[in-house]
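1. coordinates for the following, if possible.
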Amino acid sequence: MRIKSPRIMFFVLIGALFLSTSSVYAKTSEEYFNSGLAYDKQGNWSEAISNYTNAIKINPNFTTAYFNRGNAYYNNGNYDLAILDYTKAIEIEPNLAQAYNNRGGAYINKSNNDQAILDCSKAIALYPNYADAYNNRGTAYYHKKEYDKAWADVHKAEKLGASVDSQFLEDLKKASRRDN
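-> Next up is the predicted model:
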């Protein structure tokens with residue numbers, strides 16, 4: 001095919017150039033994911049979310065991208081979207097204890113302590129020495145005024161090496177009317 005118009009030829013060449021160079025500069029899901037990690041380290045949750053989203057668009061089964069985007073949503077205070085991403089990560093990888101624990105933490109922030117207890121208990125079932133899951137479950141028990149269970153989980157978390165928030169311990173002492 002011979003193109004007679006120089007103007008049409010120009011646009012054909014520009015289009016061909018664009019198509020050939022765009023593939024050179026296209027990022028992979030791993031590159032978007034790594035960019036998301038860099039923004040996470042800076043505390044730039046919006047950019048982290050954007051990059052994790054691009055990684056997921058390229059690879060819809062990228063468990064860690066869902067999990068990390070869930071963390072970014074959580075850190076940004078968007079617990080509903082965090083829960084959705086943790087749930088998707090769990091659908092892809094059902095034994096991901098961290099996703100259950102983090103989803104439990106998001107449920108605590110939404111005052112859904114029953115669901116938080118279920119998620120943290122699942123995380124503990126998958127990984128019995130998961131100190132953060134005991135800590136989160138203890139917090140959920142505290143909110144439900146189940147202080148004996150809260151104390152048991154706090155002690156277990158500490159025994160496993162977790163640092164329990166001192167203000168939380170003071171609140172638990174006052175609410176339960178006991179020292180430990």
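2. show me what contacts the nearest residue to Lys149 once chain neighbours are set aside?
-> With Cβ to Cβ, 6 or more residues apart in numbering as the criterion, Lys149 has its nearest non-adjacent residue at 4.2 Å, and that residue is Tyr141. Every C-beta, even on glycine, is put in place using the N, C-alpha and C of the backbone. If a contact means Cβ atoms under 8 Å, 6 or more residues apart in numbering, then Tyr141 has 113, 117, 147, 149-150, 153 as its contacts.
3. Tyr141: what secondary structure?
-> helix (DSSP: H, G, I helix; E, B strand; the rest coil).
4. quick check: the gap between it and Tyr74.
-> To Tyr74, Tyr141 is 21 Å away according to Cβ to Cβ, to the nearest Å.
5. check Ile92 too.
-> From Ile92 over to Tyr74 the distance is 18 Å, taken as Cβ to Cβ.
6. who's more crowded, the two?
-> For Ile92 versus Tyr74, the count of surrounding residues by other Cβ atoms under 10 Å is larger for Tyr74: 21 against 15.
7. ok, the more buried one - contacts?
-> Tyr74 neighbours (Cβ under 8 Å, 6+ apart): 82, 102, 105-106, 109.
8. export those to CSV and tack on neighbour count and secondary structure?
-> Formatted as CSV, these follow (neighbours: other Cβ atoms under 10 Å; DSSP: H, G, I helix; E, B strand; the rest coil):
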residue, neighbour count, secondary structure
Ala82, 26, helix
Asn102, 26, helix
Gly105, 25, helix
Ala106, 26, helix
Asn109, 13, helix
